[in-house]
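**Student:** Okay, predicted coordinates and the sequence, questions at the end:
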Amino acid sequence: MTWSRGAGITIIAFAVVALVCSTGLLTGAIPASGGGPGTTRNIALIVGGVGIVALLLGLHARRAFLRAQRVLASGVPGIAEVSKVRETGTEYSGVPQLELELVVTTESHGTYRTTVKDLVPALRFARLTMGGAVPVRVDPDNRDRVLLDWDRE
C-alpha cells in the first residue's frame, strides 16, 4: 500500500496528457511532422495505448492510497516485531521501499507472521532493527494488509 497521494495523481496527469496528444494526432488538431498519415495514426495509437495503461496504473495507485488512509484511520492497532528487512531497489521521491518480515500482534487478529512492502524514510530506519518493535495498523478485513503507523509511539 502506498501512503503517497502524489504517485497516483502524477500518473493520472501523465495519462491525460498522453490521451489528449493521441486524440490530437488522430483528429489532425496536432499537425503531423512527416511520415504520412499511416505513421501519424500508428504514433497516435501507441501514445493512446500508453495513456490508457498509465491511467489504469494511476487509478490503482489512487485506490491504494485511499485504502491506506482508511486503514490508518480505522485499522486495528497493533505491534509488530521486525524479523527481516530487505531493500526492494524501488524508490519514490528518494524514499526507499523496504520489504519487511513481521510478527504482528493485535487484540482481534492474535499473533501471526506476514510480509509487507512499504516506503520507509531514512529517519525511520533506526526503528526497524531486527527484533525491534514498531506500531502498526491492520486492515480489519484483511490481516495481511498492514501499515507501519509512524505517528504512534
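**Tutor:** It's in.
**Student:** what is the mean pLDDT for the biggest helix by length in the chain?
**Tutor:** The residue-count maximum for a helix in the chain (DSSP state H) belongs to helix 36-74. Helix 36-74 comes out with an average pLDDT of 89.
**Student:** Who are the packing partners of the strand ranked longest in the chain?
**Tutor:** The residue-count maximum for a strand in the chain (DSSP state E) belongs to strand 76-92. Contacts defined by 3 or more C-beta pairs under 8 Å, 6 or more residues apart in numbering; DSSP states H and E place strand 76-92 against strand 95-106, strand 110-119, strand 133-139. All C-beta spots, glycine's among them, are computed from the backbone N, C-alpha and C.
**Student:** Tell me which residues of it come out buried.
**Tutor:** 76, 78-82, 85 (16 or more other C-beta atoms under 10 Å).
**Student:** Format those residues as a markdown table; extra columns: distance to Met130.
**Tutor:** Formatted as a markdown table, these follow (distance: C-beta to C-beta, whole Å):
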| residue | distance to Met130 |
| --- | --- |
| Val76 | 24 |
| Gly78 | 19 |
| Ile79 | 15 |
| Ala80 | 13 |
| Glu81 | 9 |
| Val82 | 6 |
| Val85 | 7 |
